[in-house]
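Asks: Got a predicted structure here, sequence first:
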Amino acid sequence: MIRLGVDIGGTFTDFALLDSGRERSAVHKRLTTPDDPARAVLEGVAALMEEQDLCVCDLTEIAHGTTLVTNALIERKGARTGMLVTQGFRDVFDIGMEARFDLYDQRLEFAVPLVPRDLRTEVSERMLHDGSVETALDEPALRNALSNLVEQHAIEALAICFLHSYANPMHEDRAREIALEMFPDLPVSTSAGVLGFKHQVQRLI
């Protein structure tokens with residue numbers, strides 16, 4: 001087997017090649033290309049294959065990892081993000097602090113929420129824990145909220161996080177459809193979508 005590992009870091013992109021058939025290994029390093037991280041990967045793979053007199057088609061396994069997302073979260077360098085939440089749950093980020101790693105430390109300081117309060121907007125809708133609808137999605141109010149976030153607050157990305165969407169993502173999916181209908185170039189993520197992707201990855205692992 002010829003296996004290749006690639007790690008995209010904030011400064012460097014690292015490569016490690018293991019050829020178990022010939023009992024050899026090789027490493028390669030190059031600067032990360034922030035404008036398009038894939039470019040450093042493609043260029044590095046090509047360079048390493050040439051150095052080792054191999055073809056990409058010889059690879060039997062490629063493992064990929066990156067710290068780019070972690071770095072963006074820690075350094076707060078991500079897109080200006082707005083959030084749609086179920087009415088009455090705008091302040092969960094600010095008050096939901098019971099999960100402390102030191103329960104009795106009253107001086108414990110929590111990180112500032114990634115989405116500030118003024119970029120979190122409540123929408124009238126309510127899904128129950130069993131997936132049944134208690135309050136229908138108020139689409140006109142949703143459209144007004146989206147217009148306000150994009151046009152008045154200049155958000156660059158949108159997160160949709162409605163209560164109990166894990167049980168029934170219908171409202172989140174509809175909200176995403178409306179958001180993309182109004183602003184086709186706006187990156188939109190739903191909490192149910194992220195959860196579904198996580199489960200897919202776990203099954204692959």
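Replies: Sure, I can see it. Numbers count the residues shown, from 1 in each chain.
Asks: Show me what counts as buried in stretch 39-52.
Replies: Neighbour-count burial for stretch 39-52 flags Ala40, Val41, Gly44, Val45, Leu48, Met49, Gln52 (criterion: 16 or more other Cβ atoms under 10 Å). All C-beta spots, glycine's among them, are computed from the backbone N, C-alpha and C.
Asks: now stretch 110-122
Replies: Val115, Leu119, Arg120, Thr121, Glu122.
Asks: Can you lay out the buried residues of stretch 39-52 as JSON lines showing distance to Val27?
Replies: Output for these, formatted as JSON lines (distance: Cβ to Cβ, whole Å):
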{"residue": "Ala40", "distance to Val27": "15"}
{"residue": "Val41", "distance to Val27": "15"}
{"residue": "Gly44", "distance to Val27": "11"}
{"residue": "Val45", "distance to Val27": "13"}
{"residue": "Leu48", "distance to Val27": "8"}
{"residue": "Met49", "distance to Val27": "13"}
{"residue": "Gln52", "distance to Val27": "11"}
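Asks: Turn these into CSV, including pLDDT, secondary structure and distance to Ala16.
Replies: Below are the buried residues of stretch 39-52 laid out as CSV (pLDDT from 0 to 100; DSSP: H, G, I helix; E, B strand; the rest coil; distance: Cβ to Cβ, whole Å):
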residue, pLDDT, secondary structure, distance to Ala16
Ala40, 95, helix, 15
Val41, 95, helix, 13
Gly44, 95, helix, 11
Val45, 94, helix, 12
Leu48, 94, helix, 9
Met49, 93, helix, 13
Gln52, 91, coil, 12
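Asks: Just give me the closest of the residues you listed to Leu163.
Replies: Val41 (38.9 Å; Cβ to Cβ).
Asks: does the residue nearest to that closest one when sequence neighbours are not counted have beta-bridge partners, and which?
Replies: Counting by Cβ to Cβ, 6 or more residues apart in numbering, Val41 lies nearest to Val6, which is 5.7 Å off, once chain neighbours are set aside. Beta-bridge partners recorded for Val6 (DSSP bridges): Phe15, His64.
Asks: Quick check, Val6 in contact with Ala40.
Replies: No - contact criterion Cβ atoms under 8 Å: Val6 and Ala40 do not qualify, at 9.3 Å.
Asks: what touches both of those two?
Replies: Common neighbours of Val6 and Ala40, using Cβ atoms under 8 Å, 6 or more residues apart in numbering, are Thr13.
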